[in-house]
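*Asks:* One predicted model, sequence on top.
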Amino acid sequence: MMAKVTISFGSVLIVIGIGTFLTAGATTPTALIPTLIGGLLLLTGIGMLAQYERFFRRAMVGAMITSAVGLLGAVGSMMSRGDIAGPVALASKIVLAALCGGLLVVYAMSLLRPHKTVENSS
């Protein structure tokens, strides 16, 4: 389940980043930051599809770190600059922060939930 959620969030961020870049006139490469974060989330989500528990955990930690960087980067950028390039850039940063924050909440809920263990019957 976590893999599908991560892939979905990553895909949405990729679309938002490309849309922001094109709306901004394809002149500001910083508009592609949501695309970078989304691409990393997409890759870690694909990594979570692996059947190996050890690889799944590493991919999940990578996705959590990527989400935290996206959240802190977006919030820090909004707080440090009073002159954001425009309403599209502001909306992009708000959506990036909201999605990354929401994904961190989903991961925290997943970690706090008791997991079923598979016992070997042999």
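*Replies:* Good, I have the coordinates. Note that the structure is predicted; figures quoted are calculated from it, not measured.

*Asks:* Averaged pLDDT, the host helix or strand of residue 36. What do you get?
*Replies:* Using DSSP states H and E, residue 36 sits within helix 33-48. The average pLDDT within helix 33-48 is 88.

*Asks:* now for that helix, which elements pack on it?
*Replies:* helix 2-23, helix 53-80, helix 87-112 (3 or more CB pairs under 8 Å, 6 or more residues apart in numbering; DSSP states H and E). C-beta coordinates here come from the backbone N, C-alpha and C atoms, glycine included.

*Asks:* ranking those by burial, who's on top?
*Replies:* helix 2-23 (a mean of 19; mean count of other CB atoms under 10 Å).

*Asks:* quick one: it to helix 33-48, angle?
*Replies:* For helix 2-23 against helix 33-48, the angle by axes from the mean of the first three to the mean of the last three CA atoms, to 10 degrees is 160 degrees.

*Asks:* contact partners of helix 2-23?
*Replies:* Residues outside helix 2-23 that contact it (CB atoms under 8 Å, 6 or more residues apart in numbering): 28-29, 31-46, 48-49, 60, 63, 70, 88-89, 92, 95-96, 99, 102-103, 106-107, 110.

*Asks:* repeat for stretch 100-108
*Replies:* Residues outside stretch 100-108 that contact it (CB under 8 Å, 6+ apart): 2, 5-6, 9, 37, 41, 60, 63-64, 67-68, 70-71, 74.
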